[in-house]
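A.B. asks: A structural model of the following input is requested.
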Amino acid sequence: MPTNVVMPQMGESIFEGTITKWLKKAGETVQRDEPLFEISTDKVDAEIPSPAAGVLTEIKIAEGATVEINTVVAVIAEDGNAAASNSATTVDAEKEAKKEAVATAPKKSNEPDSAPSATVAAQTAQPTPASAPAQSPSTGDTNVVMPQMGESIFEGTITKWLKKVGDTVARDEPLFEISTDKVDAEIPSPAAGVLTDIKVAEGNTVEINTVVAVIGGTAGATAPATAAPAASEKKPAPTPQLSAAPAPQPSAATAAAAATGEKQRSSPLVRRIAKENNLDLSQIPGTGAGGRITKEDALAFLGQRGKSSAPAAATPQTVTPMPAVAPSLAASAPAEVSIPGELVPLSKMRSIIAQRMVESKHTSAHVHSVFKIDMTRIVKIREREKSKYEQRNGVKLTYMPFITSAAVSCLRKMPIVNASLEGNAIRYHKNINIGIAVALDWGLIVPVVKHAEERSFLGIARGIADLAARARTKKLKPDEVAEGTFTITNPGIFGEQFGTPVINQPETAILAVGGLFKEPTVVTDADGNDSIAVRHIMRLTLGFDHRIIDGADAGKFMAELKKTLEDWDGDIG
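C.D. replies: As a prediction, this is how the structure comes out:
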């Protein structure tokens, strides 16, 4: 059965791509995962691998043409169908492709979906072995795929199905919930119809573009309901046991690449694995097409190096015999005792948070500085204005806009605190993007107020309220939790005096807001006379990366922040 090749979505905010180069010609044989064509978007240039092995029978979109995501750009026939399709592999096919490029130019958003769009999700860039073959446009079925929820995200976990097999769904109606290392989100249905098959069960993690369900159109609506049990019986592809994996043998192409110093081909996922684990790709034998390094190659290499992330149970244990002089100890060892309580696996979000926290502590030289802030002036302003403020602006007046606005002002004056370390260089960010940590019932997420330096006090207040509300209802977009340059977290809402937070990578500083308390404080008047008064005191903690921020710089930043808050005279809108 022929497989349609589609323009992939290279990020949540990317809706089209330009084919810059075809790496294969019509009529040529291609292997699965072999680079097929190159694309360019407003975020990234990339090589796109072939979703299947066979013969490239048709190129629908010529080089230089820009099309919407999920547009069918080529067709690959299985080896058995190659002979029947070879007539389309002449030079005339490429000329025909150029004509078709015009016909397949991006349609306007108000135009109805055409028949080929029903097969969009069915043709994945990286289908799993368990995925069904691509359906013909005439079937009316639409395959639902795991979406890419951000440029650096390569997999997702299905946390909940919102529909059951046999249920009718409307286009854009929430279909299932996913969790990635960036965001939790509800995924809408790509088409209207009947959910005829669920291929991936709740709790399973799969790569992007994996087919997770099928929605039947006219044909699917009449599909027998007996297909439902088959979906529940499907099991995810087994995870490779790294400890048992044989050493991959380098292909001839890999050896040639190593001999000439040519850069070996690999996917973004492989390059991410290599970066996170300090792997040298030139040392990894590639078993994919043309010597391409696959995910399995990288994981197997990790396992051999003894730094695999595979569960401990999968690693062979070396048993050291007890000394002969202590047989009684071995004989008297108690049997394994079951510990009372419930053992609950980590959720996807909790697992990722755990990983990121350890990575951050391993990456940055954490230092913390605590300052005591007299918030009495701001408390009085808030008490006086909060009722009128909410009526006037439709947003509650909290302390976070005051702290955030003051931080933005100080970051303008001290850009090193808003910077990032990139290799042996410091990146001074043009914009100030403030991450606001939001505690959820199921974890923690950090949406970002972008371009905070351009916002008024009211703009910051509205931005914080909007992002926090949508974080709690799983309505955030992936790019709203990315590109932060400085983070503020508020453990004080639970009554903490202060906290020592972990830096949100790749940022180099984070501000923790402590609780607000009435405390007796020594107050000095204009004449230098001291007295004790009850003041509203808050402790702010700056966690900073000592690799690029010196203690003196951190102290100056916090002193300026203290002054700005204690002498507040800004317009709150």
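A.B. asks: Please count neighbours and contacts with C-alpha atoms only from this point.
C.D. replies: Noted.
A.B. asks: low pLDDT regions in the stretch 451-573 of the chain?
C.D. replies: Flagging of the stretch 451-573 of the chain using pLDDT under 70 yields an empty set of residue ranges.
A.B. asks: which stretches of it form helices?
C.D. replies: Counting by DSSP state H, counting those that start in this stretch, residue ranges of the helices within the stretch 451-573 of the chain are 457-472, 551-566.
A.B. asks: Could you do the chain as well?
C.D. replies: Taking DSSP state H as the criterion, the chain contains helices spanning 82-85, 91-103, 218-221, 227-233, 252-260, 268-276, 295-304, 327-332, 348-363, 376-393, 400-413, 457-472, 551-566.
A.B. asks: In terms of mean pLDDT, which of the ones you listed ranks lowest?
C.D. replies: Mean pLDDT values for the helices of the chain show the minimum at helix 227-233, a mean of 37.
A.B. asks: With adjacent residues omitted, what lies nearest to residue 40?
C.D. replies: In space, residue 40 comes closest to residue 18 once its chain neighbours are excluded; the distance is 5.2 Å by CA to CA, 6 or more residues apart in numbering.
A.B. asks: Likewise for residue 160?
C.D. replies: The shortest distance from residue 160 to any residue that is not its chain neighbour, by CA to CA, 6+ apart, is 5.1 Å, and that residue is residue 177.
A.B. asks: Residue 155 and residue 397, how far apart?
C.D. replies: Going from residue 155 to residue 397 by CA to CA, to the nearest Å gives 39 Å.
A.B. asks: okay, now residue 394: neighbour count?
C.D. replies: 10 (other CA atoms under 10 Å).
A.B. asks: Can you name the residues that contact residue 190?
C.D. replies: Neighbour list for residue 190: 142, 144, 171, 172 [criterion: CA atoms under 8 Å, 6 or more residues apart in numbering].
A.B. asks: okay if I get these as TSV plus pLDDT, neighbour count and distance to residue 461?
C.D. replies: As requested, those are arranged in TSV below (pLDDT from 0 to 100; neighbours: other CA atoms under 10 Å; distance: CA to CA, whole Å):
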residue	pLDDT	neighbour count	distance to residue 461
142	90	31	42
144	92	29	38
171	87	12	34
172	84	12	30
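A.B. asks: so residue 431 touches residue 453, yeah?
C.D. replies: Yes - using CA atoms under 8 Å, residue 431 is in contact with residue 453, at 6.9 Å.
A.B. asks: Now do the strands in the stretch 151-300 of the chain.
C.D. replies: 155-161, 168-169, 174-179, 184-188, 193-198, 205-207, 211-216 (DSSP state E, counting those that start in this stretch).
A.B. asks: In terms of pLDDT, where does residue 139 sit?
C.D. replies: Listed pLDDT for residue 139 reads 59.
A.B. asks: Could you check how far the residue nearest to residue 22 when sequence neighbours are not counted is from residue 5?
C.D. replies: Counting by CA to CA, 6+ apart, residue 22 lies nearest to residue 37, which is 4.4 Å off, once chain neighbours are set aside. From residue 37 across to residue 5, the span is 10 Å (CA to CA).
A.B. asks: Neighbour count for the two, which is higher?
C.D. replies: In this view residue 37 and residue 5 are compared by other CA under 10 Å, and residue 5 has more residues nearby, 29 against 18.
A.B. asks: Now for the residue nearest to that one when sequence neighbours are not counted: which residues touch it?
C.D. replies: Closest residue in space to residue 5, ignoring its immediate chain neighbours: residue 74 at 5.0 Å, by CA to CA, 6+ apart. Listed by CA under 8 Å, 6+ apart, the contact partners of residue 74 are 4, 5, 6, 56, 57, 58, 59, 60, 61.
A.B. asks: run the last query once more with 6 Å
C.D. replies: When contacts are counted by CA atoms under 6 Å, 6 or more residues apart in numbering, residue 74 touches 4, 5, 58, 59, 60.
A.B. asks: Read off the pLDDT value for residue 207.
C.D. replies: Predicted confidence (pLDDT) for residue 207: 87.
A.B. asks: I am assuming it contacts residue 155, so please confirm or correct that.
C.D. replies: Yes - the criterion here is CA atoms under 6 Å, and residue 207 meets it with residue 155 at 4.0 Å.
A.B. asks: Least confident of the strands of the stretch 151-300 of the chain, on average?
C.D. replies: Taking the average pLDDT of each of these, the minimum falls on strand 184-188, with a mean of 83.
A.B. asks: what's the angle from it to helix 457-472?
C.D. replies: With axes from the mean of the first three to the mean of the last three CA atoms, to 10 degrees as the criterion, the two stretches strand 184-188 and helix 457-472 enclose an angle of 70 degrees.
A.B. asks: which one of the contacts of residue 74 sits closest to residue 500?
C.D. replies: In terms of CA to CA, no member of the contacts of residue 74 lies closer to residue 500 than residue 5, at 49.6 Å.
A.B. asks: circling back to that earlier point, from memory the residue nearest to residue 160 sits against residue 188, does it?
C.D. replies: No - the pair residue 177 and residue 188 does not pass the contact test of CA under 6 Å, sitting 9.0 Å apart.
A.B. asks: In terms of neighbours, single out the busier of the two.
C.D. replies: Applying other CA under 10 Å to residue 177 and residue 188 shows that residue 177 carries more neighbours, namely 19 against 16.
A.B. asks: if I look at the more buried one, how far off is residue 213?
C.D. replies: 13 Å.
A.B. asks: Would you mark the buried spots in stretch 371-388?
C.D. replies: 371, 373, 374, 375, 376, 378, 379, 382 (16 or more other CA atoms under 10 Å).
A.B. asks: Residues in contact with that stretch: which ones?
C.D. replies: 397, 535, 536, 537, 538, 539, 540, 562, 566.
A.B. asks: out of those, which are inside strands?
C.D. replies: Among the contacts of stretch 371-388, the ones falling in strands (DSSP state E) are 535, 536, 537, 538, 539, 540.
A.B. asks: Would you convert those into TSV that also reports distance to residue 286 and neighbour count?
C.D. replies: Rendered in TSV, the data for the ones in strands among the contacts of stretch 371-388 read as follows (distance: CA to CA, whole Å; neighbours: other CA atoms under 10 Å):
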residue	distance to residue 286	neighbour count
535	66	20
536	63	19
537	60	21
538	56	21
539	54	22
540	51	26
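A.B. asks: closest to residue 10 among those?
C.D. replies: For residue 10, the nearest member of the ones in strands among the contacts of stretch 371-388 is residue 540. The distance, counting by CA to CA, is 39.4 Å.
A.B. asks: from memory the closest one sits against residue 513, does it?
C.D. replies: Yes - counting by CA under 6 Å, residue 540 touches residue 513, with 5.0 Å between them.
A.B. asks: Leaving aside the residues adjacent along the chain, what's closest to residue 366?
C.D. replies: Spatial nearest neighbour of residue 366, chain neighbours left out: residue 545 (5.2 Å); criterion: CA to CA, 6+ apart.
A.B. asks: who's in contact with the residue nearest to residue 481 when sequence neighbours are not counted?
C.D. replies: By the measure of CA to CA, 6+ apart, the closest residue to residue 481 outside its immediate chain neighbours is residue 447, 4.3 Å from it. Residue 447 sits next to 435, 436, 480, 481 when contact means CA under 6 Å, 6+ apart.
A.B. asks: can you rerun that using 10 Å?
C.D. replies: Residues in contact with residue 447, defined by CA atoms under 10 Å, 6 or more residues apart in numbering, are 182-183, 433-438, 463-464, 466-468, 470-471, 476-484, 487.
A.B. asks: what's the answer for residue 557, then?
C.D. replies: With contact set as CA under 10 Å, 6+ apart, residue 557 has these partners: 407, 410, 411, 413, 414, 415, 416, 417, 542, 551.
A.B. asks: JSON lines for these, including distance to residue 495?
C.D. replies: Formatted as JSON lines, the entries for those read as follows, by distance: CA to CA, whole Å:
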{"residue": "407", "distance to residue 495": "22"}
{"residue": "410", "distance to residue 495": "26"}
{"residue": "411", "distance to residue 495": "27"}
{"residue": "413", "distance to residue 495": "31"}
{"residue": "414", "distance to residue 495": "30"}
{"residue": "415", "distance to residue 495": "31"}
{"residue": "416", "distance to residue 495": "31"}
{"residue": "417", "distance to residue 495": "27"}
{"residue": "542", "distance to residue 495": "18"}
{"residue": "551", "distance to residue 495": "28"}
